[in-house]
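[1] dropping the sequence and predicted coords here.
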Amino acid sequence: MTTTFFLIRHAAHDNVGGYLAGRMEGVYLGEAGKAQAQHLAGRMAREHLAIICSSPRERTLETAKPIALACGVNDIAICQELDEIDFGVWSGKTFDELNTDANWRLWNDQRQQARTPSGETMLDVQQRIVGLMDALRQNTQGQCVALVSHADVIKAAVCKVLGLQLGDCFRFDVEPASITTVVHGDWGSKLIRLNESA
């Protein structure tokens, strides 16, 4: 038996691409993001979801709630494993500021080994999302599960599924409000769709 996972990146906040939101509090969806979340809900209404899990960040919960309403799922499980990378003091800085930081450049040039200021690595991120998927699959065989998370977290899972090095995460995109579909079974995992627009 397999479980189908819909890895959903949160919809856009007002300044997506302008600064590193990370785990900052109070980063909510902008008007465009709210519209994206509604489109996502319409797309996901075609699926029979057993569970919706979300990162604890406001922008992921705001993305998950319309999906839950559209799919008739009463509760959203908040999972720390889906949380954004812990970027520490980098959170809140503009990308122009970050590009002057040698450690930020190292993080992007050597993603397989580098650590954020908080000490988290991409391998840590990969282990937490893949571990969650493994645990969820035990109780959702033959069912569909939505995981609402963040770009790099989803990229870490995709790298695992495809057998890519974590540094290869820059070779594909995971856009705001996109859906990446993975089927997971005893035999392993298979990528069905990557970065689907709602």
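    That came through fine.
[2] got any ranges where this protein has weak pLDDT?
    Within the chain, the stretches with pLDDT under 70 are 16.
[3] following element in sequence after the host helix or strand of residue 183, please.
    Under the criterion of DSSP states H and E, residue 183 resides in strand 178-185. Using DSSP H and E, the next helix or strand after strand 178-185 towards the C-terminus is strand 188-197.
[4] which residues are in contact with stretch 68-77?
    41-42, 44-45, 47-49, 51-54, 61, 64-65, 67, 146 (CB atoms under 8 Å, 6 or more residues apart in numbering). No exception for glycine: its C-beta is placed from N, CA and C like everyone else's.
[5] okay, and which of those map to helices?
    41, 42, 44, 61, 64, 65, 67 (DSSP state H).
[6] contacting residues around the fourth one?
    Residues counted as contacts of residue 61 (CB under 8 Å, 6+ apart) are 54, 55, 76, 78, 148.
[7] ok, now how distant is the closest residue to residue 2 other than its chain neighbours from residue 86?
    Once flanking residues are discounted, residue 2 sits nearest to residue 185: 3.9 Å by CB to CB, 6 or more residues apart in numbering. Residue 185 sits 31 Å away from residue 86, going by CB to CB, to the nearest Å.
[8] between the two, which one's more packed in?
    residue 86 (16 against 13; other CB atoms under 10 Å).
[9] if I look at the spatially closest residue to residue 92 that is not a sequence neighbour, how far off is residue 13?
    In space, and not counting its chain neighbours, residue 92 is closest to residue 24: 5.4 Å by CB to CB, 6+ apart. Plainly put, residue 24 is 10 Å away from residue 13 if you go by CB to CB.
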